[in-house]
Structure formats: C-alpha cells, structure tokens
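In: When you get a sec, could you give me coordinates for this:
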Amino acid sequence: MAHEAVADAFHQIIETHEPVRQLGTGYIFTEGPLWHPIEQSLIFSDMPGDVRRRYVPGQGVSEILRPSNKANGMTYDAELNLLICEHSTSSVVRLLRDGTREVLCTHFEGRELNSPNDIVVGNDGSIYFTDPTYGRLPGFGVERPTQMGFQGVYRLPPGHRPGDEPQLVVDKYLFTQPNGLCFSPCQRWMWVNDTDQHNIRMFDVSADGNLTNGRVFAGGIVDSIKKGVPDGMKADQHGNVYVTAPGGVWVYSFHGELIGKITCPEMVANLHWGGADWSTLYLCAETSLYSVQTKTKGRDEPFMYPKVQTPRAATAEPAVSVASPLILQDRLETRIDPARTAMILQDLQNDVMIDGGAFAETGSPDHARAQNVVANVRRLADALRARGGMIIHVWMVLEPGAPFMAQHSALQRGIREHNALVRGTWGVEPAAMLEPQQNDLIVEKMSMSAWETSRLDAYLRHGGRDTIINTGSWTNMSVEHTARTAADKGYRVIVPEDACSTKNADWHAASINYAMQDVAAVTTTDAVVAALA
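Out: Presented below is the predicted three-dimensional model:
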C-alpha cells in the first residue's frame, strides 16, 4: 500500500512504500494513543468499548482499565502524570503516578462542559483542550443534552487548582466541532482543527495563553469516496503538521502546503510518535492499532524527557540515573524592574547545543531538550521585551582556524579540533526560535566568560542596568563564569535554572546547587516571569 507524495519534501518524512503494520485488532473505535518514555509502551482508548489498553512491543496488547469513563485524548505532563479527556463525565482528569485521581475541571461559567476531546501540555505546564459534543452521542459517550451552547477551546494555566474553571482561549462561536490540537515545536503557535468544517486553523499563542490571530491553515480536508475526517493531529520536530484525513493521515508543511498522504487500511482517528527514538508513528484506526516507521520524529513535548523516575516495564531498558534534586528559590523575594534589567542569552548556538552541532556527542542536545531550554528562554525573553527590558545575545564567534586562540586548555583545543563556532557557518548561528529580535543587542566573544573579550559591561553600564537574568549553555561553564564575574562587578544576578543547560543533568545540578548559590538567585522561568509582572 503506497503512500502519496504530493511534494518532494514528503520523501524526507517517509518512504513511499513504507509498510503500515497492524499491531492489534478487534476493537470498536480506538483513540488517544500515548507513548510512555520510560516504560517504552503505548496506551490507547477504545471509547465505545469503555476500555483503556496498553501495547508493549514484542508482547502485544493487553487491557489495563475497564470502565474508563469512555476516555478519548490523553497526554502526560512533565512529571508523567496522566491527563485524560473523559466523555462520560465531561471532565479533564489527572491520574497521578501513585494512582490518585484528580478532577481538574468539569464546568465553564457554571455550565457543564460538552465532552473534552483532545489535550496537550505546554512547556510552562499549561494544559489546552478542545470541547466538542461527541461525548454526548450514543456509543461514544453518554447521550444527554448539552448545556454550553457552543464548542470551545480551553486552557488550564500553570498552577491551576483542581475544580477551578478553565480559561476560554478562542471566540465562543469560531468552531463548529473543535477536535485535534497541537503546538508548533517552538510553542509560539498552535493548530486546532474542526471536524465539521474540514479545516485546520493556526493561532499565535499570546503571553496570557490566549490563542490570537486565528487564520485558516488548511481547508478542504474531505473526500467523497474515502473515509476520514480531521480528528487527531500532531506536529513533527520540523513543524510539519500531521492530521487524520480521508484515507489515512495528511501531512502539511509549516506553511500550509499539502506535501503528502500516509495511507492506512482503516480510517485513522488519532496518532502519536513513540519508540526508543520517537520515530515510530502509531495510528489508532477504527478497529485496529497500526504503526509505521518515519524518517522524522514528533516535536519535543515536556513528558518526552521527564525529570522523574517511574516503575519500569519488564522489557524496559535500565533506568537512567537522576541527578541530585536542585536547590531553588520557590519565588523571587522582590519584583524585577524591567527598566534596570538585562537578559543574557549566552552560547545558545547550533554547535553548542543542537543535534548535528560540533559538540552534539557530549549529550548537550539531549539535556537542552530535557530542560526545554529553547522554549523557556524564548518565553522569558518575550516577557522582558514586552516590558522594555534589554536583551543581549552573547555568542562565541571565531574566524576560520581559530587563529591566535590560545590552546592551553581542553576546551579551547576542542573548539579548534572540531572546527566549531566559525563565523559564517551554520554552527555559529543561534538555535532556531532564539534569533535576535528588533532592538536586541548582540555581543561577540572568544572566551568562556561573557565579560573578558566583549562589550557586555559597556552595554549594561550605558543602559543603566544593574540586574542580569543569566541564561544559556553550558550551565557549568559560560553561564557560571559569567555569573561569578557579574557578582564581582556588583550586578544582581538571577539564574532561572530551566533556561540553562549543559552536557547532562549531573553537571547541571553540580553547578546550580553549589557555585551558583553563592553568586546568584537561583530560581525558575515561571518565577522570573511572575516577578517581572
């Protein structure tokens, strides 16, 4: 069964004759596939059957919960708690790792939600979900009249208390039946599809969590012959969008161009990446579960690189050791005045912390993902820009061959040996989504510290800045050296630890827990954003 390439870019995603393998069958209608990063298994829903099942590679499918309140979409948060959209109860539920069940929300403006359908978690911990009426239809839920009068998209903000009402993030009457939703890799944008309107809309994600500037991203997702509608939806690491559609899954580029169609023997209702390297695409399709191998992988989500340990399945790989708990301030004791504050984005360059960079083999890309450092730095920079703060990008930039760069340390020798951070190359460029914006400043250096060979001090003094928000890569090197010198020079230094990364969690914790504590206020991105407000 061949897949259909509409544009050449499709060949970079999947082979046109890549087999679609049936992993289990005999179900009523499957939905909500979700891969566990540690247990290395997939759970999925069978709404009409009121069952939750688990697929373990090499072992097959087993039943794990009955009844399941006719659950639909599911995801994990960063602590690997399970978040569930329940049709029967019109609820969004959190199932803690110890088995405790928390009902996060059931009503909006005093009226019962229709039937939460699909769900996604942001890097800041916010939860977005759609609320069509399908869970009030016979079979797929519990037949009963609706109370809302519209079908919306909602958000539970960071710090949401179970039972509190959600935040409506779009116009009440924009959607007929909102269904699948997903973030872009950088989380600046979100896509939401509408099953009845046969389209996908793209939104900007504003600082307050609302979805703004909505526009039709793709339309006409319908076929008079083939079964399939816009339902589940995911984005890959490059920002391509995958949506269930007639005949299987249609793939769109970030710019809304249809680039290909993945064919499946049955109508697909939802999809999810999994496997050891997140490149296997799992398809929940009517009565069966399928998988297909891709050349890409899903966009990074908070649960894909958890900071917790969980019980492992018998077939799972040995657990990775977890670094010592980080010593953090729960909040900043005083407000941060943006007019006196500068944020340093240091060495957040491709060679330093991106796959394919000169130092990728150190593990730095994996730790940057685990920290969600790109999204956290971007969110923090956007918050400070909006309040008139100073943004300074500090980059290590060398001429070809690193002429006259001293070679008396392993770090300096490594830069030359790897031909890293050379002017004009991809490796010296800032990581995607961390490019300088209008009025940002750029400082070039050729030393570990941001101070010694740059104009950093002059920019800060001339700009009247006495507070530094210190972010970047690597935590234990450039970030720590810059913090130490800043303290010597009399600056107030704030280090949001989740906006920094290095080779691995152990190195990061060693720097955060010891050296940084004496020279900086060590906290989190959320705390800094709150203090700026």
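In: okay, now the residue lying closest to A383 once chain neighbours are set aside: neighbour count?
Out: Using CB to CB, 6 or more residues apart in numbering and skipping the chain neighbours, the partner closest in space to A383 is V529 (4.9 Å). C-beta: built from backbone N, CA, C; applies to glycine. Neighbourhood size, V529 [other CB atoms under 10 Å]: 20.
In: tell me the secondary structure for V479?
Out: helix (DSSP: H, G, I helix; E, B strand; the rest coil).
In: same deal with the one 3 residues further on?
Out: Assigned state for T482: helix (three-state reduction, three-state DSSP).
In: Make sure it is actually in contact with S449.
Out: Yes - T482 is in contact with S449 according to CB atoms under 8 Å; the separation is 5.5 Å.
In: So those two - more neighbours on which side?
Out: Shown here are T482 and S449; by other CB under 10 Å, T482 has more neighbours (28 against 21).
In: Against A269, how distant is that one?
Out: Note on T482: its distance to A269, by CB to CB, to the nearest Å, is 50 Å.
In: need the helices for the stretch 201-350 of the chain, in chain order.
Out: Counting by DSSP state H, counting those that start in this stretch, the stretch 201-350 of the chain has helices at residues 350-353.
In: wait, V216 sits on I200?
Out: Yes - taking CB under 8 Å as the definition, V216 is a contact partner of I200 at 7.4 Å.
In: More neighbours: the two, which one.
Out: The residue with more neighbours, out of V216 and I200, is I200; 26 against 12, by other CB under 10 Å.
In: one step back: mind checking how far the residue nearest to A383 is from R379?
Out: On the measure of CB to CB, V529 and R379 end up 7 Å apart.
In: before we move on, the earlier item: just to be sure, the residue nearest to A383 is in a helix?
Out: Yes - secondary structure of V529 (three-state DSSP): part of a helix.
In: what's the helix or strand for G24?
Out: Element membership of G24, judged by DSSP states H and E, is strand 20-25.
In: Give the other helices and strands that that strand contacts.
Out: Applying 3 or more CB pairs under 8 Å, 6 or more residues apart in numbering; DSSP states H and E, one finds that strand 20-25 contacts strand 51-56, strand 60-65, strand 288-293.
In: Pipe those strands into CSV and attach mean neighbour count and mean pLDDT per row.
Out: Converted to CSV, those look like this (neighbours: other CB atoms under 10 Å; pLDDT from 0 to 100):
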stretch, mean neighbour count, mean pLDDT
strand 51-56, 20, 96
strand 60-65, 13, 94
strand 288-293, 20, 97
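In: would you turn those strands into CSV with distance to E143?
Out: Shown next, in CSV, are the helices and strands packed on strand 20-25 (distance: least, CB to CB, whole Å):
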stretch, distance to E143
strand 51-56, 19
strand 60-65, 22
strand 288-293, 26
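In: Quick one, which of the ones you listed gets closest to Y128.
Out: Across the helices and strands packed on strand 20-25, Y128 has its closest neighbour in strand 51-56 (21.9 Å, CB to CB).
In: chain center to that closest one, what's the gap?
Out: 24 Å (CA atoms, centre = their mean, to the nearest Å).
In: how about stretch 53-65 as CSV, C-alpha atoms only?
Out: Provided in CSV are the C-alpha atoms of stretch 53-65 (Å, rounded to 0.1, in the frame of the first residue of the first chain):
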residue,chain,number,x,y,z
ARG,A,53,-5.4,-0.8,26.6
ARG,A,54,-1.6,-1.0,26.5
TYR,A,55,0.7,-2.1,23.7
VAL,A,56,4.1,-3.4,24.6
PRO,A,57,6.5,-4.1,21.6
GLY,A,58,7.1,-7.8,21.4
GLN,A,59,4.3,-8.7,23.8
GLY,A,60,1.2,-7.3,22.2
VAL,A,61,-1.9,-5.6,23.5
SER,A,62,-3.5,-6.0,27.0
GLU,A,63,-6.4,-4.5,28.8
ILE,A,64,-5.5,-2.2,31.7
LEU,A,65,-8.7,-0.4,32.7
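In: Nearest residue to the spatially most central residue of the chain in space, please, no chain neighbours.
Out: Most central in the chain under CA atoms, centre = their mean is E301, positioned 3.3 Å from the mean C-alpha point. Spatial nearest neighbour of E301, excluding adjacent residues (CB to CB, 6+ apart): V121 at 6.9 Å.
In: Now do the buried residues in stretch 432-446.
Out: For stretch 432-446, the buried set under the neighbour-count rule, 16 or more other CB atoms under 10 Å, comprises 434, 441-443, 445-446.
In: for stretch 160-168, same thing?
Out: 160, 165-168.
In: how long is it from one end to the other?
Out: End-to-end distance of stretch 160-168 (CA to CA, to the nearest Å): 14 Å.
In: So what's the gap between it and the chain middle?
Out: On CA atoms, centre = their mean, the centre of stretch 160-168 falls 21 Å from the chain's centre.
In: what's the answer for stretch 173-192, then?
Out: Using CA atoms, centre = their mean, the offset of stretch 173-192 from its chain centre is 14 Å.
In: hey, what's in contact with both of V529 and R379?
Out: Contact with both V529 and R379 is made by no residue, according to CB atoms under 8 Å, 6 or more residues apart in numbering.
In: which regions of this protein sit below the pLDDT cut-off?
Out: 1, 307-334, 402-414, 416, 418 (pLDDT under 70).
In: Identify the single longest helix in it, thanks.
Out: helix 373-386 (DSSP state H).
In: OK, contacts around the nearest residue to L65 once chain neighbours are set aside?
Out: Excluding its sequence neighbours, the residue lying closest to L65 (CB to CB, 6+ apart) is R52, at 4.0 Å. R52 makes contact with 43-46, 63-66, 68, 71, according to CB under 8 Å, 6+ apart.
In: Reformat those as JSON lines; add distance to M516.
Out: Below are those laid out as JSON lines (distance: CB to CB, whole Å):
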{"residue": "I43", "distance to M516": "39"}
{"residue": "F44", "distance to M516": "43"}
{"residue": "S45", "distance to M516": "44"}
{"residue": "D46", "distance to M516": "49"}
{"residue": "E63", "distance to M516": "48"}
{"residue": "I64", "distance to M516": "43"}
{"residue": "L65", "distance to M516": "44"}
{"residue": "R66", "distance to M516": "50"}
{"residue": "S68", "distance to M516": "45"}
{"residue": "A71", "distance to M516": "43"}
